[in-house]
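Asks: This is the structure alone, sequence omitted:
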Ligand code: ADP
Ligand code: ZN
């Protein structure tokens, strides 16, 4: 033996016998435990274990192995849960990255990586009894049975013709009792075994197999670019900027097919809102049972089984919202983030990760191609293509060269002057709707505000009805004649007179329209039309959403009216008119991204028009017709929008030129909240470098939620690394008083 081999053999002999464990009660640190001899061969990183902790036993995860520890008296791991690790090293690495980047305890990051039905101890596979014949020629073996026990005979015949069956199904179909089946077992004619059943969320869905379409040239070019990237050792992320209806989904599917040919799996992320049966069916029709759906609406058992189906490699294509980025697909070849610009990819509780950015990280760790797709790229993603960090693929045309819709802006100020009062529907929009109804084409009307009226105002003293607990105005809901707070859900009866004790005027007025009011108005104007409203108030039931869309598809509905729920991803060829009741709702939010959101929303909603053979028309009503975002949306000109928006961001050093961190403090005692925020500021300021901009603590735009006062500190820095270090330091050393909570939101999206 050479010396080198000897050393090598020697080191292999020392088995690490200490496990670094994080425990479920998030303490944000690792604990060392001895691995007992009988578990030595089994335990590995990613295993779920129970360990003694104080006077009790708690569950945790093995996150590392070592052969030394700084602790002297180590306790032993009690036992392993399950016979395999629940997390592979790359998922653990991802959790560790999230923990570090988003400044969140590793324990809660691991909880995000693993869906709750997997973590829960009692959640297991469902077992069912399964009956099969022991002999093929059972008729010869026991002739008597056919004379004496006709029920048992029926069971045998059924098993003979249909093969083995689950006990429950057999009992139902043969109208038999469990006793008869047990009797047959005693006679040795059938065997009963326990078998795992798969709780399949799609079991009742019938699908028709589809085949790859022959691609348009721009689709082919996109596919070629993705394939080339998939063949690279260290692929970089690609952004597909493809107009609505350019056939991005077909490109995704053929890219997945390429991954499959290479023996790789894929993940498709879609925003929760567009994870409709329609979307899932498109993938299932192409890839069948290889597709698993990870949806938060699934029952726990279904989620458990779908996850394990992926884990075992039975399903190799996962589709789902945000958290599907953690799908345990091994040998991942492609990760698609559809509608990359969507805010729902950002988790608004700890860990406050952005699924698009986590996807990019996972792609880097696993050397897999990440494709971001959208008609309205986020400024951040597009900026990255300009800097060469991401590749850019353009798809400028709709499939079959269908024309883009014609967008018209209606200036509601002129409309109001002409008509002498404010109308919900302009004359132009009314006529356009009428024309569609006459031709039995369909209409989508969009307004991003539910309820009846946005607020209740006293015209005498200017009093506005606000929620007692939250600092926003109450929305009037005609149903039940109530005021409702859209933040905390608080309900209140409409006051009979102005509550201001100095005023008490009875002449309350409603201002601002919501979807309920629009519904009333259009029903009056078009009494014969079938109108359906879709917002969170109407789609409460589990399948309400799908049902309405189904009815719309088959033409049972003429006008579909709704909030952002209907703005995205829907593909209805017979919709030739889209009306935006007011483009101003999103525009006047106190948020530097208001312009970006407005442009995205208008472009997306416009994209619902004219997806069939008849060209589409879009009518946008607004009081600010010359706003650059609205003008860019009118021309459907992303580049124009980007050019002016990026200048604005550059001047003010907003993202993507800086990373934005929003620290929010909350508590019932306002003075204390403000004081804590100031204290935090004093604490962090000396740690910051020159290029970091930090604001004084100020009340948040929504200054109160559920009675809790909210203060914010905004931090901007071109470099995240040094800022991150300072924030880690503060989050470990800074102690807020008990009744003040604070959160650190890295790359904050929601700053209200
Ligand atoms: P996007 O996701 O870009 O908005 P979709 O993928 O929904 O667009 O495609 C729009 C429509 O065009 C769909 O109905 C789709 O089936 C159809 N389509 C896509 N690619 C082709 C193609 N190569 N040939 C014919 N039809 C296509
Ligand atoms: Zn409220």
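Replies: Structure's in. What do you need? All values derive from a computational prediction rather than experimental measurement. Numbers count the residues shown, from 1 in each chain. Ligands and ions are numbered 1, 2, ... in the order given.
Asks: C-alpha from now on. contacts and neighbour counts both.
Replies: OK.
Asks: What residues does the stretch 301-450 of the chain have near ligand 1?
Replies: Proximity of the stretch 301-450 of the chain to ligand 1 is confined to residue 399 under the rule CA under 6 Å from any ligand atom.
Asks: Tell me which stretches of the stretch 301-450 of the chain form helices.
Replies: 355-366, 379-386, 412-419, 427-438 (DSSP state H, counting those that start in this stretch).
Asks: tell me which element residue 524 is part of?
Replies: Taking DSSP states H and E as the definition, residue 524 sits inside helix 515-525.
Asks: and that helix, average pLDDT?
Replies: Taken as a whole, helix 515-525 has a mean pLDDT of 91.
Asks: Determine the angle, from 0 to 180 degrees, between it and helix 427-438.
Replies: Counting by axes from the mean of the first three to the mean of the last three CA atoms, to 10 degrees, helix 515-525 points 70 degrees away from the direction of helix 427-438.
Asks: Check which element follows helix 515-525 along the chain.
Replies: Going down the chain from helix 515-525, the next helix or strand is strand 531-534, by DSSP H and E.
Asks: what packs against that following strand?
Replies: Applying 3 or more CA pairs under 8 Å, 6 or more residues apart in numbering; DSSP states H and E, one finds that strand 531-534 makes contact with helix 515-525, helix 544-553, strand 559-562.
Asks: Quick one: distance of that strand to the chain centre.
Replies: What separates the centre of strand 531-534 from the centre of its chain is 24 Å, taken as CA atoms, centre = their mean, to the nearest Å.
Asks: nearest to ligand 1, of the helices and strands packed on strand 531-534?
Replies: Of all these, the one in closest proximity to ligand 1, counting by CA to the nearest ligand atom, is helix 544-553 (12.8 Å).
Asks: and among the helices and strands packed on strand 531-534, the most buried is which?
Replies: strand 559-562 (a mean of 26; mean count of other CA atoms under 10 Å).
Asks: Verify the stated contact: residue 564 with residue 450.
Replies: No: the criterion here is CA atoms under 8 Å, and residue 564 misses it with residue 450 at 9.9 Å.
Asks: Strands of the stretch 551-700 of the chain, start to end?
Replies: 559-562, 575-580, 617-622, 659-667, 693-694, 698-705 (DSSP state E, counting those that start in this stretch).
Asks: Let me fix that, I meant to ask about the stretch 351-500 of the chain.
Replies: So, for the stretch 351-500 of the chain - with DSSP E, counting those that start in this stretch - the strands run 369-374, 391-395, 406-411, 442-446, 453-457, 475-477, 482-484, 491-493.
Asks: Check which helices and strands the fifth one sits against.
Replies: Meaning strand 453-457. strand 475-477, strand 509-513.
Asks: returning to what we had before: which of the strands of the stretch 351-500 of the chain has the lowest average pLDDT?
Replies: Ranked by mean pLDDT, those bottom out at strand 453-457, with a mean of 78.
Asks: Name the residues that touch it?
Replies: Contact with strand 453-457 is made by 463-465, 473-477, 508-514, 517, as judged by CA atoms under 8 Å, 6 or more residues apart in numbering.
Asks: buried ones in that strand?
Replies: Neighbour-count burial for strand 453-457, counted by 16 or more other CA atoms under 10 Å, picks out 453-457.
Asks: got it, and stretch 294-301?
Replies: Buried-residue list, stretch 294-301, by 16+ other CA under 10 Å: 294-295, 300-301.
Asks: measure it end to end?
Replies: Stretch 294-301 has its terminal residues 12 Å apart, counting by CA to CA, to the nearest Å.
Asks: can you tell me the average pLDDT over that stretch?
Replies: 78.
Asks: contacting residues around the helix holding residue 524?
Replies: Helix 515-525 is contacted from outside by 424, 447-453, 477-478, 529, 531-533, 561-563, using CA under 8 Å, 6+ apart.
Asks: on that earlier part again, among the helices and strands packed on strand 453-457, pick out the one with the most neighbours on average.
Replies: Counting by mean count of other CA under 10 Å, the most buried of the helices and strands packed on strand 453-457 turns out to be strand 475-477, with a mean of 27.
Asks: Return the distance of that strand from the chain's centre.
Replies: 28 Å.
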